[in-house]
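**Student:** I would like to see how this sequence folds:
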Amino acid sequence: MKRRDFLTAWSFALAGLPLLRAGVLRAASAPAVARGATQPFDYAALKGRARAMAQRAYAAPAQHIPKAVAKLGWDQFQSIRYLPEHALWADDALRFRLQFFHLGMQFEKSVRLNEVVDGRAREIGYDPAVFDLARSGLDPAQLPADLGFAGFRMFAAPDFDSDVAAFLGASYFRAVGASKQYGLSARGLAVDCGLPRAEEFPDFTEFWFERPAPDARTLVVYALLDSPSVAGAYRFEIEAGEPLVMRIDAALYPRTTIERLGVAPLTSMFLTAPHDRRAGEDWRPAIHDSEGLALWTHGGEWIWRPLVNPPAVRVSSFLDDGPRGFGLLQRDRNFDHYQDDGVWYDRRPSAWVEPLSGFGKGAVQLVEIPIAHESFDNIVAFWNPADKPQKGKEYLYAYRVHWGAKMPASPTLAQTVATWSGIGGQVGGKREHFSWRFVVDFAGADLAALGKDANVEAIVTTSRGSAEHISVRALASVNGYRATFDVRPPGVGDTQPIDIRLFLRSGTRTLTETWLYQWNPPAQQPVLAP
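**Tutor:** All right, here's what the predicted structure looks like:
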């Protein structure tokens, strides 16, 4: 798993900091334009290029980053600003504009950028004059003309001051909804994520921007992906709004058999929350970009899996055949539950993957990695096909990714709104054995309308050990119900994971989504005095 060191630079590159405009650079005020000869371009040709690449051995791109760029420190790199008057299409009456990222820090692989007009592509060459480099220590005269860019970010009318999506580093990209707050990331592809060996990170090596019509509400972007195991061609249709929606088509061409292919991967951070205080020394009650994995299965079941910061790397698989959707969500939007007035975890967007084609038999896989600090990404969710991709074949996938607070699909049943955990046993009574208590609140749908005499049951099952002290009662503060139960490990000192399943029902009627959890009993299991 690539640590969040790789993504830390996003915190300022995408934070909407003031764009400084040094007067010495304003003389060249024309927007960025593609120059040089044009070449015919379409998605079919891009797929053909990726297929041809996969038939050859992988060749890592040659990188000739000047020493001055490679040695940029944090403050120097942070000071570099793209001048907005140089944005692509800045002088055109279009709904979209693009700005480009400079190389430096973790971002030392250059990508080629192209504009596509009427089916013909022309490269956008690097020009130091489009950046404010005054405080970086870089001498524009010493920078090579073929330096290239690290990535790009997208702006949409009517607000050209705040970017809404960005592609930067490997195959990572992010987007925002109405909150204009970045959070979790997506990737073009994950390869061998969560296996007991180094993960492979494919790169987007080249992008093409299709010049939109004046009234177009979507921006079309193409990308070429390459790595030792696979080459691929991607097409993005991006529509800003709440939520921001990306329609993604991917054509993959493996160079070899891939043990664990991750399609439509989402990457996030979970450090601590009331249900998991393993890394709970921080004064803030919750620290996470996403709080849970949501699944909508082919059979129509809704599943909510609270994320955890585990004691060791673990991979969970949710088998399905044609899933309706999955996502990493930040359901809790209450500032009081985070108390963070710096990075605003209560505003972080959710991301929902809506499969369109290519998602047959396989599994949504969740990888959780232990971390000690919030500057690391430790959560990955993706679709893993049942059949391992084979060399020489073509694999086509189409899906949408929705970014924001409002997702396009949600349970028709009541959903989980909070999870807590702590020492089990009867308050005021003598504890004869160790157990761990779980408290889960459900709200929404018909729960608030149930009468006081409604017969509501909490159905709890465990893969190991046993559940005890099960209770459920109405909870006015959420207009729903609270389920409480303890889980007792099968033996003293048993630390193997226990899978827990919970839902509420009344008679034969299911009232809620299914809450799933995987709990690792601690090695030390004291029986505490009352």
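
**Student:** I'd like the distance from stretch 154-172 to the chain centre, please.
**Tutor:** 15 Å (CA atoms, centre = their mean, to the nearest Å).

**Student:** hang on, I meant stretch 44-51
**Tutor:** 27 Å.

**Student:** Helix or strand: which one has the residue lying closest to residue 275 once chain neighbours are set aside?
**Tutor:** Ranked by CB to CB, 6 or more residues apart in numbering and with sequence neighbours excluded, the top spatial neighbour of residue 275 is residue 419, at 4.1 Å. Where you see a C-beta, it was placed from the backbone N, CA and C, and this is true even at glycine. Residue 419 is part of strand 415-423 when elements are defined by DSSP states H and E.

**Student:** The helix or strand hosting residue 186 packs against which elements?
**Tutor:** Residue 186 is located in strand 185-187, with elements delineated by DSSP H and E. Contacts defined by 3 or more CB pairs under 8 Å, 6 or more residues apart in numbering; DSSP states H and E place strand 185-187 against strand 172-175, strand 261-268.

**Student:** so where do the strands sit in the stretch 201-350 of the chain?
**Tutor:** Residue ranges of the strands in the stretch 201-350 of the chain, as given by DSSP state E, counting those that start in this stretch, are 203-210, 219-226, 230-239, 244-254, 261-268, 270-272, 287-288, 292-296, 302-306, 314-321, 325-329, 350-357.

**Student:** Need those in a markdown table (columns: mean pLDDT and mean neighbour count).
**Tutor:** Putting those into a markdown table (pLDDT from 0 to 100; neighbours: other CB atoms under 10 Å) gives the following:
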| stretch | mean pLDDT | mean neighbour count |
| --- | --- | --- |
| strand 203-210 | 98 | 22 |
| strand 219-226 | 98 | 23 |
| strand 230-239 | 98 | 22 |
| strand 244-254 | 98 | 22 |
| strand 261-268 | 98 | 25 |
| strand 270-272 | 97 | 24 |
| strand 287-288 | 97 | 24 |
| strand 292-296 | 98 | 24 |
| strand 302-306 | 98 | 23 |
| strand 314-321 | 97 | 16 |
| strand 325-329 | 98 | 26 |
| strand 350-357 | 98 | 22 |
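
**Student:** Can you say which of those is nearest to residue 89?
**Tutor:** For the strands of the stretch 201-350 of the chain, distance to residue 89 was read as CB to CB. The smallest value, 8.8 Å, belongs to strand 203-210.

**Student:** partners of that closest one in the sheet?
**Tutor:** If you go by DSSP bridges, strand 203-210 pairs up with strand 112-117 (parallel), strand 219-226 (antiparallel).

**Student:** Going by residue numbers, what spans are helices in this protein?
**Tutor:** Along the chain, counting by DSSP state H, helices occupy 5-8, 10-13, 43-54, 67-70, 74-79.

**Student:** With distance to residue 309, mean neighbour count and mean pLDDT as added columns, please give these in a markdown table.
**Tutor:** Below are these laid out as a markdown table (distance: least, CB to CB, whole Å; neighbours: other CB atoms under 10 Å; pLDDT from 0 to 100):
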| stretch | distance to residue 309 | mean neighbour count | mean pLDDT |
| --- | --- | --- | --- |
| helix 5-8 | 18 | 18 | 44 |
| helix 10-13 | 20 | 18 | 45 |
| helix 43-54 | 37 | 17 | 98 |
| helix 67-70 | 34 | 14 | 92 |
| helix 74-79 | 26 | 16 | 93 |
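
**Student:** any idea how far the residue lying closest to residue 232 once chain neighbours are set aside lies from residue 66?
**Tutor:** On the basis of CB to CB, 6+ apart, the spatially nearest residue to residue 232 that is not a chain neighbour turns out to be residue 225, at 3.9 Å. Going from residue 225 to residue 66 by CB to CB, to the nearest Å gives 26 Å.
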